[in-house]
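Student: What follows is a protein structure lacking sequence information:
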């Protein structure tokens with residue numbers, strides 16, 4: 001089969017990649033639409049030292065199940081699904097303690113030890129999958145994973161009063177985080193570098209400013225770093241008030257050289273934030289809590305999939321989707 005892989009040198013289409021077979025409770029999925037994420041770009045810079053099929057944002061159709069799948073999953077065959085990216089053991093202390101996304105033995109779709117979804121077929125544990133309602137089209141369903149990640153940042157906050165929240169970054173994740181944070185009893189603003197992207201905030205009645213117009217005054221209760229840049233954390237530390245909170249959504253291959261002393265000096269709480277509930281993400285999309293369609297700026301066919309990554313890195317684009325042939 002064809003697959004978009006990263007081999008340590010550059011992303012490329014492998015026309016004869018091994019066809020996967022579902023095993024150990026897995027489902028075989030034919031993706032119909034996939035999305036390019038900043039993490040995919042960082043992997044191609046060396047993040048996680050990953051080699052294999054790229055991609056973790058998808059909507060697709062279940063074609064088969066492993067023989068050992070419990071009968072309750074048989075209804076998934078032929079259905080459109082999205083799925084959680086963490087493949088877990090279900091037995092370790094993290095799994096037993098309700099923290100399965102931090103499973104000691106987990107692999108992660110297209111990121112760590114598990115081939116991703118940028119291929120004609122891929123596998124995921126059937127337990128990870130959620131059926132997509134008929135009224136949610138592929139263009140919206142493919143955003144389930146990043147919407148879930150945005151909701152996780154909100155879930156990790158304990159809001160008191162009416163806090164001032166700054167979302168740093170006007171890319172795909174930053175604009176999703178801004179939308180979900182705007183549902184809180186808070187004053188929310190987005191800071192970014194691109195007027196055209198920031199203009200989307202007007203549709204959602206969210207305040208927005210260019211980075212060049214901002215003076216860091218250490219007065220924000222919460223700063224969410226969605227910049228995708230090693231400079232984001234530095235900027236967040238300059239904006240947050242003493243004893244405020246920084247939520248770090250950025251994953252980059254190299255964050256060396258960042259001075260973390262302000263965290264100690266100003267007693268700032270730094271919160272890492274990664275995956276969220278896929279069920280919550282799909283519900284938010286299905287109920288129009290978030291606008292994802294406005295974020296789509298480019299589509300490419302799978303035959304041109306290697307072009308999708310540089311397009312996604314282009315500041316002129318927000319979300320790049322790959323349509324499977």
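Tutor: Looks like it came in fine. Everything quoted here is computed from the prediction, not taken from an experiment. Numbers count the residues shown, from 1 in each chain.

Student: which stretches of this protein form helices?
Tutor: 38-43, 93-96, 138-141, 144-155, 172-181, 195-198, 200-203, 231-239, 261-265, 278-286, 305-313 (DSSP state H).

Student: Nearest to residue 10 among those helices would be which one?
Tutor: Evaluated over the helices of the chain, closeness to residue 10 peaks at helix 305-313, with 7.8 Å, by C-beta to C-beta. Using the backbone N, CA and C atoms, a C-beta is placed for each residue, glycine as well.

Student: any idea which of the helices of the chain is most buried?
Tutor: For the helices of the chain, the largest average neighbour count (mean count of other C-beta atoms under 10 Å) is found in helix 172-181, namely a mean of 28.

Student: hmm, who's touching that helix?
Tutor: For helix 172-181, the external contacting residues (C-beta atoms under 8 Å, 6 or more residues apart in numbering) are 37-38, 143, 146-147, 149-151, 153-154, 165, 167-168, 188, 190, 192, 197, 200-201, 204, 206, 224, 226-228, 249, 284, 289-292, 295, 318-319.

Student: Over to stretch 106-120?
Tutor: Against stretch 106-120 from outside (C-beta under 8 Å, 6+ apart): 1-4, 17, 20, 29-31, 34, 39-40, 43, 48, 50, 52-58, 60, 83, 85-89, 100, 122-124, 302, 305, 322, 324.

Student: Not counting residues beside it along the chain, what's closest to residue 145?
Tutor: Spatial nearest neighbour of residue 145, chain neighbours left out: residue 57 (4.9 Å); criterion: C-beta to C-beta, 6 or more residues apart in numbering.

Student: a markdown table please, covering the helices of the chain and showing distance to residue 130.
Tutor: Shown next, in a markdown table, are the helices of the chain (distance: least, C-beta to C-beta, whole Å):
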| stretch | distance to residue 130 |
| --- | --- |
| helix 38-43 | 21 |
| helix 93-96 | 19 |
| helix 138-141 | 10 |
| helix 144-155 | 8 |
| helix 172-181 | 18 |
| helix 195-198 | 29 |
| helix 200-203 | 27 |
| helix 231-239 | 31 |
| helix 261-265 | 37 |
| helix 278-286 | 6 |
| helix 305-313 | 25 |
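
Student: so can I have CSV of these showing distance to residue 216 and mean pLDDT?
Tutor: Shown next, in CSV, are these (distance: least, C-beta to C-beta, whole Å; pLDDT from 0 to 100):
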stretch, distance to residue 216, mean pLDDT
helix 38-43, 23, 95
helix 93-96, 37, 98
helix 138-141, 36, 98
helix 144-155, 21, 98
helix 172-181, 17, 98
helix 195-198, 18, 96
helix 200-203, 20, 97
helix 231-239, 4, 95
helix 261-265, 11, 96
helix 278-286, 31, 98
helix 305-313, 26, 97
